[in-house]
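**Q** sequence-free structure coming up:
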C-alpha cells in the first residue's frame with residue numbers, strides 16, 4: 001500500500017493530547033548491555049516528556065552513560081534523548097512542578113521535596129502511533145528532528 005505523507009502538526013497534536021490524557025508512561029533505558037523499563041508518573045510540555053526520580057536509582061546511572069531512551073504508553077512508542085534537569089525545586093523546573101503537582105498531587109507531596117530527587121526531560125526524536133484505519137493496521141511516524149510525518153500500512157499475511 002505504500003507510504004502516505006501526513007501533516008506533522010496533526011500527528012503532534014494527537015500525541016500531545018494522548019500524553020496529557022495518560023497519567024503513566026513506561027521509560028526504558030540502557031547501559032552496559034542492560035536494558036531496563038519501569039512505569040513512571042509523567043507530565044508533558046508539548047512533545048517534551050518529564051518525569052522525576054531519585055538520583056540514586058539505576059535509570060539515572062543508565063541515562064548518564066547513555067541518554068538515548070524509549071517511552072511507551074498505549075499504542076504510542078517514542079524514542080528520544082534524556083537530560084537530567086536538577087532537583088524539582090530548582091527554578092528551571094518551575095513549570096514542571098506546577099504541572100506535576102496538578103497531575104500527580106500525591107507523588108508531588110511524597111517525593112518532590114526529597115533531597116535526592118531529580119527531574120528527567122526526554123526530548124523525542126521519533127514517535128510511532130499504531131492505528132487501524134478502515135480495519136487496516138497502520139503506523140503513523142513522526143520524525144521530530146526533520147518535522148516529517150507519514151503513514152505506513154501493515155500488510156497482514158493471508159488477507
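**A** Received the coordinates, thanks. Just so it is clear, the model here is predicted, and its values are computed rather than measured.
**Q** the top helix by length along the chain: what's the following helix or strand?
**A** As assigned by DSSP state H, the longest helix anywhere in the chain is helix 8-21. Downstream of helix 8-21, the next assigned helix or strand under DSSP states H and E is strand 24-31.
**Q** that following strand: partners in the sheet, and parallel or antiparallel?
**A** Note on strand 24-31: by DSSP bridges, its sheet partners are strand 34-41 (antiparallel), strand 68-73 (antiparallel).
**Q** closest one to residue 157 among the ones you listed?
**A** Closest to residue 157 of these, according to Cβ to Cβ: strand 68-73, at 25.3 Å. From N, CA and C alone the C-beta is placed, and that goes for glycine too.
**Q** run the angle between the host helix or strand of residue 128 and helix 8-21 for me.
**A** Assigned by DSSP H and E, residue 128 belongs to strand 117-133. Strand 117-133 and helix 8-21 are oriented at 120 degrees to each other (axes from the mean of the first three to the mean of the last three Cα atoms, to 10 degrees).
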